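**Q** dropping a prediction and its sequence here:
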Amino acid sequence: MVLVKKRETEKPKVGQMRFSKLVSFMRKVKPSNGRLVVIIPCFDEQKLLLRHLSFLAAQTFQEFDVLIVLGSSFPHKELLKILKKKNYKFGLAVAKRSRDTGSAGGFFTGQVYALQKQYDYMVLADVDCFPKDKRLVKRLYALRKHGYVSPKTVFIGPKAKTIIPPEKTRAAYTSVAQYTLLSASLVKKYGLYYFPVYMGADDAEYAERIKEKRTFISNRVFHPFIIGQKAYSSPSVYWAYVLNTIAVIKSPRRFFLNIFRAVFSCLAMVIFFPSCWKRLGSKAFFGMLCLSFGKRMFKKMRTDFSACIFPSPCFCGKKPSQIKYRQYFAPVKAMFFHAAAKAIANFRKNALFLPSCNDMLPIAVGIMAKKAYYRQGPKKFLLISDNSNIAFHLAKLIAYAIFLPILLAIALPIVIIMKITNQPKTMHFGLKQ
């Protein structure tokens, strides 16, 4: 493994956590071809990775390198055989992490490599973020002097529908991990990706930390739209993301919004939802109070939902109302009022949710509905709530109305104190030994 040799007269450079200590394997597949490196973490998505590389191979500008940062359990030998047969013109290196550090650790590892190899610029790219625009890399590199450049993200929704964020909200929805170019000097000023967060909110924290103005270009990248949908396709992962956000994001608006969302949802899960939801709601609530985040928290949040998944919903012959919310990039206030209106309209009715981008909607309706399911896929329905017994349901509603303000009054000062005393220090992260 080749590391950049420091000059004797130089002071130790930033990013000196040795790359060799972060990886168990490193192989150059194609020779280096420029001062720009595209960093692509990849846990186990080989098909996505190869498709991603095919779009890079079609770029009109090829004077760049690609570093693939594999997960610690990735079977790299098969991938190397495939890559060696490819006629890529860009430089290509493959590294395999020595331990599981999540997507945040993948970008951190790539940035350490970029600094030690003295690249001038780096591009951060999710493995499922495709550079279909053939002039994308050329345009990013042409504006490299700005130091902080992002393309327009086009999200792919259900049934391959393309969704483009409004111009006024583009910065909020275009992640730094969606082909954002960063100069090495910018990274040395603000630090590297905060890998202790493991996965989720890492990109939002990094964008919040970098105070420079971001330059946006009209060239596009394409990324799956999963905002709000992960809440019911992977509930444990979603709530781990929420706890990460509460712990590391400093924006007061997002902080108070997420505290309310967590208390509102966790109490609903404990009172109205089946046992698997009750366990998740309890873990999420106490995790929030402790300001838990990162890999250890992810493990604690794992909850088995197999007992709540059915091949078909059971509504005792009564047709449910089908509910979905596809107003992408709607303001949070609009999503909240829509959820409240739907909850009232479906009081003591059966409800079937289709994939939605409003994560509060199934919670709100699940509180009020007689019975509610979420359609995860073909013959895969997740039971949200079963309030068939009207007397118990009314008693639960009264208990919820009593305990919601009490828990908010308890949780808010505790989490604020935890934020003040235990807020993770992310500025300049990774720049000191």
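**A** Cool, got the structure.
**Q** need the helix or strand of this protein with the lowest average pLDDT.
**A** helix 170-173 (a mean of 68; mean pLDDT, DSSP states H and E).
**Q** who's in contact with residue 39?
**A** Residue 39 sits next to 67, 69, 106-107, 110-111, 113-114, 122-125 when contact means C-beta atoms under 8 Å, 6 or more residues apart in numbering. (Glycine included, C-beta is placed from N, CA and C.)
**Q** quick check: which ranges of the stretch 51-200 of the chain have low pLDDT?
**A** Scanning the stretch 51-200 of the chain for pLDDT under 70 picks out 158-160, 166-172.
**Q** apply 80 and report the result again.
**A** Along the stretch 51-200 of the chain, segments meeting pLDDT under 80 span 157-173.
**Q** which residues of it fall in helices?
**A** 76-85, 102-116, 136-142, 170-173, 184-190 (DSSP state H, counting those that start in this stretch).
**Q** after the last one comes which helix or strand?
**A** It refers to helix 184-190. With elements assigned by DSSP states H and E, the helix or strand that comes after helix 184-190 is helix 202-209.
**Q** now do residue 104 against residue 204, distance only.
**A** Look at residue 104 and residue 204: by C-beta to C-beta, to the nearest Å, they are 11 Å apart.
**Q** run a quick neighbour tally on residue 153.
**A** 20 (other C-beta atoms under 10 Å).
**Q** how about the contacts made by it?
**A** So residue 153 contacts 129, 165, 170, 173-175, 178, 220-223 (C-beta under 8 Å, 6+ apart).
**Q** which strand residues sit across from residue 351 in the sheet?
**A** With DSSP bridges as the criterion, residue 351 is bridged to residue 321, residue 372.
**Q** you'd agree it is up against residue 369?
**A** Yes: the pair residue 351 / residue 369 is scored as a contact, 4.5 Å apart, by C-beta atoms under 8 Å.
**Q** tell me which of those two has more neighbours.
**A** Taking other C-beta under 10 Å, residue 351 and residue 369 do not tie; residue 369 has more neighbours (30 against 27).
**Q** confidence score at that one?
**A** Note on residue 369: pLDDT of 96.
**Q** quick one, phi/psi of it?
**A** Backbone torsions of residue 369, given as degrees, to the nearest 10, read phi -70, psi 160.
**Q** run a quick neighbour tally on the closest residue to residue 111 other than its chain neighbours.
**A** If the residues on either side of it in the chain are set aside, residue 111 comes closest to residue 192, at 4.6 Å by C-beta to C-beta, 6 or more residues apart in numbering. Neighbourhood size, residue 192 [other C-beta under 10 Å]: 25.
**Q** swap in residue 236?
**A** So residue 236, with other C-beta under 10 Å, has 21 neighbours.
**Q** can I take it that it is in a strand?
**A** No: per DSSP: H, G, I helix; E, B strand; the rest coil, residue 236 lies outside any strand segment and is helix.
**Q** now it: how far from residue 22?
**A** Taking C-beta to C-beta, one finds residue 236 at 27 Å from residue 22.
**Q** can you list phi and psi of the residue lying closest to residue 84 once chain neighbours are set aside for me?
**A** Excluding its sequence neighbours, the residue lying closest to residue 84 (C-beta to C-beta, 6+ apart) is residue 29, at 6.2 Å. The phi/psi pair for residue 29 (degrees, to the nearest 10) reads phi -90, psi -40.
**Q** wait, residue 29 touches residue 80, no?
**A** Yes: with contact taken as C-beta under 8 Å, residue 29 and residue 80 are classed as touching, separated by 6.8 Å.
**Q** which strands and helices sit next to the longest helix anywhere in the chain?
**A** As assigned by DSSP state H, the longest helix anywhere in the chain is helix 390-422. Under the contact definition 3 or more C-beta pairs under 8 Å, 6 or more residues apart in numbering; DSSP states H and E, helix 390-422 sits against helix 252-272, helix 275-289, helix 360-368.
**Q** comparing these, which stretch has the densest surroundings?
**A** Most buried of the helices and strands packed on helix 390-422, by mean neighbour count (mean count of other C-beta atoms under 10 Å): helix 360-368, with a mean of 25.
**Q** which one of the helices of the stretch 51-200 of the chain lies nearest to residue 347?
**A** Proximity to residue 347, assessed across those by C-beta to C-beta, is greatest for helix 170-173 (33.6 Å).
**Q** closest to residue 420 among the contacts of residue 39?
**A** Closest to residue 420 out of these is residue 107 (28.1 Å), distances taken as C-beta to C-beta.
**Q** can you tell me the number of residues neighbouring that closest one?
**A** There are 28 residues near residue 107, going by other C-beta under 10 Å.
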